[in-house]
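Asker: Sequence unavailable; structure follows:
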């Protein structure tokens, strides 16, 4: 199983960035997919989730209206389109997959997003 995030980097406040999470080794369309982030020295923060089966999406209040989660099920890839980025969005973003039981089944290694002028 592999989940590989990409697309992180340095962006100015108010800018946009798109994260990708390429997956393999599991049945992508049978899992819920998540974006989770973690600031240095802080706990994990759930950002967004998508039901790959019906496409329903969910967002944390902190990103609602600014971030959009999506998938390309044919490519087993998860995306996070981020706009109106703020300095407090500067964290490592992880993608994760859950089959519906307790907790996440699989995690990526993360990609760092830095929002700074």
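Answerer: Great, that's in hand. Keep in mind that this is a model prediction, so the values were computed, not measured.

Asker: Neighbours of the nearest residue to residue 69 once chain neighbours are set aside, how many?
Answerer: Distances taken as CB to CB, 6 or more residues apart in numbering place residue 48 nearest to residue 69, at 4.2 Å, with adjacent residues excluded. The C-beta positions use only the backbone N, C-alpha and C, and glycine is treated the same way. Residue 48 has 22 neighbouring residues, counting by other CB atoms under 10 Å.

Asker: what about residue 48, distance to residue 117?
Answerer: 25 Å (CB to CB, to the nearest Å).

Asker: Point to the residue nearest the middle of the protein.
Answerer: residue 35 (2.7 Å; CA atoms, centre = their mean).

Asker: Pairing-wise in the sheet, spell out the partners of that one.
Answerer: Beta-bridge pairing for residue 35 (DSSP bridges): residue 48, residue 95.

Asker: what's the pLDDT at it?
Answerer: Predicted confidence (pLDDT) for residue 35: 98.

Asker: Same question for residue 85.
Answerer: 97.

Asker: pretty sure it is in a strand, no?
Answerer: No. Read with DSSP: H, G, I helix; E, B strand; the rest coil, residue 85 is coil and lies in no strand.

Asker: which residues does it contact?
Answerer: 11-17, 66, 113, 115 (CB atoms under 8 Å, 6 or more residues apart in numbering).

Asker: and the two most separated of the residues you listed?
Answerer: Distances among those were taken as CB to CB; the most separated pair is 12 and 66, at 14.8 Å.
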